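Q: Next comes the sequence, and after it the predicted model I'd like to discuss.
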Amino acid sequence: MSKKILLEHINVPGINTLAVYREKGGYASVEKALKTMAPDAIVEEVKKSGLRGRGGAGFPTGMKWSFLAKPEGVARYLVCNADESEPGTFKDRYLMEKIPHLLIEGMITSSFALGANSSYIYVRGEYFYIIKILEKAIADAYEAGWLGKNILGTGYDLDLYVQAGAGAYICGEETALLESLEGKRGNPRIKPPFPAIAGLYGCPTVVNNVETIAAVVPIVNNGGDWYAGIGIGKSTGTKLISASGHINKPGVYEIEMGITVEDFIYSEEYCGGIKNGKKLKAVVAGGSSVPILPAEMILTTASGEKRLMSYESLADGGFATGTMLGSGGFIVMDETTSIVQNLHTFARFYHHESCGQCSPCREGTGWMEKILHKILDGHGTIQDVDLLWEIQRKIEGNTICPLGDAAAWPVASAIRHFRHEFEEYVKNPAVIKEVKHYHNMHNLATA
Amino acid sequence: MSEIKFNDETLAMVQSIIKRYPEGKQKSALLPLLHLAQAEFNGWLSSPVMDYVASLLNIKPVEVYEVASFYSMYNLKPVGKCLLEVCRTSSCWLRGANEIVEHIENKLGIKDGETTADGKFTLKTVECLGSCGTAPMLQLGADFHENLTFEKVDALISEWSNKAEHSKYLDIDTFRKN
Ligand SMILES: Cc1cc2nc3c(=O)[nH]c(=O)nc-3n(C[C@H](O)[C@H](O)[C@H](O)COP(=O)(O)O)c2cc1C
Ligand code: SF4
Ligand code: FES
């Protein structure tokens, strides 16, 4: 059975409204936290829960919170990262659209724990309809006294604002997000200093993903130990997975960490198997930035066990044999998929989204896109495949922010696991036309 | 040319948005203000419009230009009344985004990035919009149109052929008044 914690009430009619959300026990964590807990005690519970950031990197949330500097007389900020632009990822949008008060409740409880009196939710600009939903929910929360001055008579003040981005993937990177929130171009900052020391307006700041902040609500309600008891090993709790591509049932699923990848893809409860009874070819398990794995490797780890949906199991064996849970953007490709063509969509994406500060990323992403284009146009050579490999190696680890790595890994893994396909295209360009044609027909005919 | 100035309702919203940030940090309002400007001034940001936004925030015009040119949602050239933004990243591509783009190109007689001669439609391909599970998709104003088929696209185009107003990402009720 799927484990529903964040999405427990998702199908209750009207759960997007404050009234119904309250009926289902909403805002209990705010009552409990503000009236009965010291801020540090909340941080302790989050530490105990083992919760890891759900934005992609998986850093332990409690530890991150405990790094927050607390100089006297200086404001502290909590900023929610709702930029969600990682290709394949659409879980935060689902949560904000369906149950906006869960995020708002999490923002209040978390802001209290961190000693923030103004907090921001930075939402990618394309999600304007979500921004409208959040603004309405925030207005209702203010009216009911969950936000504003002297919340519940406890003397705690909190203002909560939504900030609209304007279409730039890089603004999901936390320091670029802060630059953007300050009204600038989204250029990542050099770290250190980390935001916990000098973040928004130079003040100590925590940046957390939507799902992370939402998870604080059940953790405060039920205790950190309870949360740590769900899941497997250091992958505690549940995770929202956005599933897309050639599957029968695309959508957002809440899973208990530790179910098998096989179950996730094939069981009726989740993806329901591959569309049209086709065979599985490859999976990108955690959003476009993580290595792509061929079918047999995504189902089985390096040590020969069934691979699990968890941080550790997906990464088993490092990049030679594993991948990452990342943001939980699970993209499934059937046997008809051209890996090279798919990679081209990713390369174009990273080229388009590079902020341009570092030459390896700015130049390298464009160069990789061009080479892939050349190969797909039927003019590629074996040297081009080797060149691709060399370029990605020169980007990885040589840039200010991890977008460079994110652009390199899909290329590296595609060549590592599917080199034969690149070579086939290069040696026999005629096959490309067939593949493209077949691919197109296949998708339209069965849409 | 008439003087560039927000209408009173928008101006009140501008003041309300500026209050969301600490004293002296009003530049943080730049992105939301540019969205308001684009919505009110025909779907794009001309230099005089950007200069006007700079004056509202008491910052230099160049600070506005460098921001406006960084983000893909700001149009620095006029666009058609209806801006069709079709996602073409992996998940959408896997489910037929290329065919949707081609269909629109054929139907409107324009290529990606172009505007029809009558100024009605602009086609723009964009990167992942977070509708990967309901691919293929396009954004039209604030609305996401998902699980696209040729029929759905045709219906949208005929609906917008007769509209006088501009498609836009936000309306005056989008933001909460603080
Ligand atoms: C290029 C890039 C894009 C990112 N996009 C997002 C995003 O859309 N949402 C998100 O929560 N984190 C994103 N991250 C990760 C953030 O930098 C940061 O680690 C995260 O918001 C921290 O929150 P968490 O600890 O709750 O995961 C991105 C990172 C990079 C390098
Ligand atoms: S790695 Fe790319 S996106 Fe990141 S700072 Fe450098 S140029 Fe910008
Ligand atoms: S790939 Fe098109 S919306 Fe994500």
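A: Looks like it arrived, so ask away. Numbers count the residues shown, from 1 in each chain, chains lettered A, B, ... in the order given. Ligands and ions are numbered 1, 2, ... in the order given.
Q: Tell me how many other residues crowd residue 72.
A: Assuming you mean chain A. 4 (other C-beta atoms under 10 Å in any protein chain shown). C-beta here means a position set from N, CA and C on the backbone, and glycine is covered the same way.
Q: was after chain B, sorry
A: B:Ser72: 17 neighbours (other C-beta under 10 Å).
Q: so which strand or helix has it?
A: Using DSSP states H and E, B:Ser72 falls within no helix or strand.
Q: For it, which non-adjacent residue is closest in space?
A: A:Gly167 (3.8 Å; C-beta to C-beta, 6 or more residues apart in numbering or on different chains).
Q: so what's that neighbour up against?
A: By C-beta atoms under 8 Å, 6 or more residues apart in numbering or on different chains, the residues touching A:Gly167 are A:Arg124, A:Gly125, A:Glu126, B:Tyr71, B:Ser72, B:Met73, B:Tyr74, B:Val126.
Q: do A:Thr89 as well
A: A:Thr89 makes contact with A:Ser242, A:Gly287, A:Ser327, A:Gly328, A:Gly329, B:Cys128, B:Gly130, B:Cys132, according to C-beta under 8 Å, 6+ apart.
Q: what about the nearest residue to it once chain neighbours are set aside, neighbour count?
A: Spatial nearest neighbour of A:Thr89, chain neighbours left out: A:Gly329 (3.6 Å); criterion: C-beta to C-beta, 6+ apart. Using other C-beta under 10 Å, A:Gly329 has 31 neighbouring residues.
Q: Run through the bridge partners of A:Gly329.
A: Here A:Gly329 sits in beta bridges with A:Ser242, going by DSSP bridges.
Q: Residue numbers of chain B in contact with ligand 3?
A: Chain B comes close to ligand 3 at residues B:Cys87, B:Thr89, B:Ser90, B:Ser91, B:Cys92, B:Cys128, B:Leu129, B:Gly130, B:Ser131, B:Cys132, B:Ala135, B:Met137, as judged by C-beta under 6 Å from any ligand atom.
Q: for chain A, same thing?
A: So far as C-beta under 6 Å from any ligand atom goes, chain A lies against ligand 3 at A:Pro87.
Q: Please determine whether the lengthiest helix in chain A lies in contact with ligand 1.
A: Longest helix in chain A, counting residues (DSSP state H): helix A:403-427. Yes. Helix A:403-427 reaches ligand 1 (C-beta under 6 Å from any ligand atom) through A:Leu403, A:Ala406.
Q: how about that helix against ligand 2, any contact?
A: Yes. Using C-beta under 6 Å from any ligand atom, helix A:403-427 reaches ligand 2 at A:Leu403, A:Gly404.
Q: Would you check how far apart the residue in the stretch 251-400 of chain A that ligand 1 sits nearest to and A:Gly172 are?
A: Nearest residue of the stretch 251-400 of chain A to ligand 1 (C-beta to the nearest ligand atom) works out as A:Ser327 at 6.7 Å. For A:Ser327, the distance to A:Gly172 (C-beta to C-beta, to the nearest Å) stands at 9 Å.
Q: quick one, strands of chain B?
A: B:82-87, B:121-126, B:138-140, B:143-145 (DSSP state E).
Q: mind listing the strands for chain A?
A: A:77-82, A:118-123, A:148-151, A:156-164, A:205-209, A:231-232, A:235-236, A:238-245, A:251-256, A:280-284, A:292-294, A:329-334.
Q: Can you lay out the ones you listed as CSV showing distance to B:Gly96 and mean pLDDT?
A: Shown next, in CSV, are these (distance: least, C-beta to C-beta, whole Å; pLDDT from 0 to 100):
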stretch, distance to B:Gly96, mean pLDDT
strand A:77-82, 28, 98
strand A:118-123, 28, 98
strand A:148-151, 48, 98
strand A:156-164, 30, 98
strand A:205-209, 30, 98
strand A:231-232, 36, 97
strand A:235-236, 35, 98
strand A:238-245, 12, 98
strand A:251-256, 18, 98
strand A:280-284, 18, 98
strand A:292-294, 21, 97
strand A:329-334, 14, 97
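Q: Including distance to ligand 1, could those go into a markdown table?
A: Shown next, in a markdown table, are the strands of chain A (distance: least, C-beta to the nearest ligand atom, whole Å):
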| stretch | distance to ligand 1 |
| --- | --- |
| strand A:77-82 | 4 |
| strand A:118-123 | 9 |
| strand A:148-151 | 23 |
| strand A:156-164 | 14 |
| strand A:205-209 | 3 |
| strand A:231-232 | 16 |
| strand A:235-236 | 14 |
| strand A:238-245 | 12 |
| strand A:251-256 | 15 |
| strand A:280-284 | 15 |
| strand A:292-294 | 18 |
| strand A:329-334 | 10 |
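Q: now the ones you listed as CSV including distance to A:Tyr21?
A: Compiled in CSV, the strands of chain A are given as follows (distance: least, C-beta to C-beta, whole Å):
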stretch, distance to A:Tyr21
strand A:77-82, 18
strand A:118-123, 17
strand A:148-151, 17
strand A:156-164, 16
strand A:205-209, 21
strand A:231-232, 25
strand A:235-236, 25
strand A:238-245, 18
strand A:251-256, 17
strand A:280-284, 34
strand A:292-294, 39
strand A:329-334, 27
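Q: How about chain B: which residue is closest to ligand 2?
A: Counting by C-beta to the nearest ligand atom, chain B gets nearest to ligand 2 through B:Phe70 (11.3 Å).
Q: Quick check: nearest residue in space to that residue, chain neighbours excluded?
A: A:Arg185 (4.2 Å).
Q: So which of the residues of chain B next to ligand 3 belong to helices?
A: Short answer: the residues of chain B next to ligand 3 in helices (DSSP H) are B:Ser90, B:Ser91, B:Cys92.
Q: how many neighbours does the closest residue to A:Lys278 other than its chain neighbours have?
A: Nearest non-adjacent residue to A:Lys278, counting by C-beta to C-beta, 6+ apart: A:Asp334, 4.0 Å away. By the measure other C-beta under 10 Å, the count of residues near A:Asp334 is 20.
Q: Neighbours of the residue nearest to B:Phe70, how many?
A: As a burial measure, A:Arg185 scores 20 neighbours (other C-beta under 10 Å).
Q: which residues touch it?
A: So A:Arg185 contacts A:Glu179, A:Cys355, B:Glu66, B:Val67, B:Phe70 (C-beta under 8 Å, 6+ apart).
Q: now the farthest one out in chain B, which residue is it?
A: In terms of distance from the mean C-alpha position of chain B, B:Glu23 ranks first, at 29.4 Å (C-alpha atoms, centre = their mean).
Q: Just the local confidence number for it, please.
A: B:Glu23 is assigned 96 on the pLDDT scale.
Q: Same question for A:Gly233.
A: On the pLDDT scale, A:Gly233 gets 96.
Q: List the contacts of it.
A: A:Gly258, A:Ser310, A:Glu312.
Q: which of the residues you listed are buried?
A: A:Gly258, A:Ser310, A:Glu312 (16 or more other C-beta atoms under 10 Å in any protein chain shown).
Q: I'd like those as TSV, with pLDDT and distance to ligand 1 appended.
A: Shown next, in TSV, are the buried ones among the contacts of A:Gly233 (pLDDT from 0 to 100; distance: C-beta to the nearest ligand atom, whole Å):
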residue	pLDDT	distance to ligand 1
A:Gly258	97	20
A:Ser310	97	16
A:Glu312	96	17
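Q: Which of the residues you listed fall in helices?
A: A:Glu312.
Q: Just the closest of the buried ones among the contacts of A:Gly233 to chain B, please.
A: Of all those, chain B sits closest to A:Ser310, with 21.9 Å by C-beta to the nearest C-beta.
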